[in-house]
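> just coords:
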Ligand code: FES
């Protein structure tokens, strides 16, 4: 005995409509996330007068040595508090007391376990300016 199920036109249309709706929703989600990432890209420009050692600029700080300049976010990797100015070459989060090494952004004392986010820092040879770029959605 052979059991043969036939799909009615009504069921076929219902499932096709759901599939098209799902694909449309997925495409919309992907496109809207792309736009959000683009909108959250921030750039900051500095001249050549960046001081040696650590200099603090609110959302980020710069660490300059003889040979390089590195930029790091001041958003704490523990729970997202803004880290205030450091003492010497160390940064301390006022929320729960994590400490970070200024030169590398590595945690020296918990509860934070991850290093601070390093930012893109590039030098424009023509203008002599340094450009700091946030690419993250979480600024
Ligand atoms: S948010 Fe910085 S130590 Fe908790």
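Thanks, I have the structure now. Treat the numbers as computed from the prediction; the structure is a model and nothing was measured.
> just for the chain, where's the confidence low?
For the chain, the stretches flagged by pLDDT under 70 are 1-4, 33-40, 136-139.
> at 50 what do you get?
Across the chain, the ranges flagged by pLDDT under 50 are 137, 139.
> Tell me the residues of the protein that contact the ligand?
With CB under 6 Å from any ligand atom as the criterion, the chain comes near the ligand at residues 76, 78-79, 81, 93, 95-98, 111-112. (Each C-beta comes from the backbone N, C-alpha and C, glycine too.)
> In CSV: the residues you listed, plus neighbour count.
Output for these, formatted as CSV (neighbours: other CB atoms under 10 Å):
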residue, neighbour count
76, 23
78, 18
79, 12
81, 15
93, 25
95, 15
96, 12
97, 12
98, 23
111, 14
112, 23
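> for these, which one is nearest residue 128?
Among the residues of the chain next to the ligand, residue 76 lies closest to residue 128 (CB to CB), at 32.5 Å.
> Which strand residues bridge residue 72?
residue 61, residue 118 (DSSP bridges).
> can you tell me the helix or strand for residue 122?
Following DSSP states H and E, the helix or strand that holds residue 122 is strand 118-123.
> Tell me which stretches of this structure form helices.
With DSSP state H as the criterion, the chain has helices at 9-39.
> neighbours of residue 117, just the number please.
Residues near residue 117, counting by other CB atoms under 10 Å, number 18.
> Pretty sure it sits against residue 71.
No. In this structure, residue 117 is not within contact of residue 71 by CB atoms under 8 Å, at 9.6 Å.
> need the contact list for residue 41.
Residues near residue 41 by CB atoms under 8 Å, 6 or more residues apart in numbering: 133-135.
> So it versus residue 74, what's the distance?
Distance, residue 41 to residue 74, by CB to CB, to the nearest Å: 18 Å.
> other SSEs contacting the strand holding residue 122?
On a contact count with 3 or more CB pairs under 8 Å, 6 or more residues apart in numbering; DSSP states H and E, strand 118-123 meets strand 69-73, strand 130-134.
> Could you list the buried residues of it?
Using 16 or more other CB atoms under 10 Å as the test for burial, strand 118-123 gives 119, 121.
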